[in-house]
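Asker: Need coordinates for the below:
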Amino acid sequence: MFKLLRHRSKNWLLKAISLCLAIFMWYFVVGEDQVDMKVLVPIEMLNLPSELTVSNQYKKEIEVSVRGPRSMIQELRHLNITRPVDLSDAKPGTIVINNDASSIPFPRGIEVQRLQPTNITLLLDQLVQKDFPITPVTEGDLSPGYVLGKIYLIP
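Answerer: Numbers count the residues shown, from 1 in each chain. Coordinates of the predicted model:
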């Protein structure tokens, strides 16, 4: 009996190192647990020419389902991620913007599962500026001793 206990207590340091190594390898092989999350990503219009305007209603956010390690997903909430749309070469008319996983700059290690909507349609119109004469009309009379100095018009 004592012989068996003495044999088990031998090499305890080697056994402890083996246990630590096994736990270390298990962590890196299995990795962190994967988490799914839905994120709303705003659409950012870049370089829209000053003579054009977007004249239709469109969804201003994309709903994206992502998957990744828990620590990266939690960090994702603090990042300011947008879907950039470059309109520098835009002309008046209809533009269809395709949304895919590569169009949104997520950090490496985050996998995009689904995007909604996959397409956004923009209707661009020429912006026209016109000047209209405005003539103010006042009602009533001023009290005696008062003079009307200025009228301010705020459109």
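
Asker: Paired strands for the strand with the most length in the chain, with orientation please.
Answerer: In the chain, taking DSSP state E as the definition, the longest strand is strand 34-46. Here strand 34-46 has these sheet partners by DSSP bridges: strand 61-69 (antiparallel), strand 83-86 (parallel).

Asker: Deepest-packed of the ones you listed, please.
Answerer: Of all these, strand 61-69 carries the top mean neighbour count, a mean of 18, counting by mean count of other Cβ atoms under 10 Å. Placement of C-beta: from N, CA and C, glycine included.

Asker: Mind listing residues that contact it?
Answerer: Here strand 61-69 makes contact (Cβ atoms under 8 Å, 6 or more residues apart in numbering) with 31-43, 73, 76, 83, 99, 104, 106, 109-117.

Asker: if we go to 10 Å?
Answerer: Residues outside strand 61-69 that contact it (Cβ atoms under 10 Å, 6 or more residues apart in numbering): 31-43, 72-76, 81-83, 99, 101, 103-104, 106-118, 120.

Asker: Kindly report the same for stretch 22-42.
Answerer: Defining contact as Cβ under 10 Å, 6+ apart, one finds that stretch 22-42 is touched by 60-74, 76-77, 79-83, 99, 103-106, 109-116.

Asker: With stretch 145-155 instead?
Answerer: 132, 134-138, 142.

Asker: Need the strands paired with strand 34-46 in TSV (columns: mean pLDDT and distance to Ser50).
Answerer: Output for the strands paired with strand 34-46, formatted as TSV (pLDDT from 0 to 100; distance: least, Cβ to Cβ, whole Å):
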stretch	mean pLDDT	distance to Ser50
strand 61-69	90	25
strand 83-86	91	15
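
Asker: Mind putting those into a markdown table with distance to Leu127?
Answerer: Shown next, in a markdown table, are these (distance: least, Cβ to Cβ, whole Å):
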| stretch | distance to Leu127 |
| --- | --- |
| strand 61-69 | 25 |
| strand 83-86 | 18 |
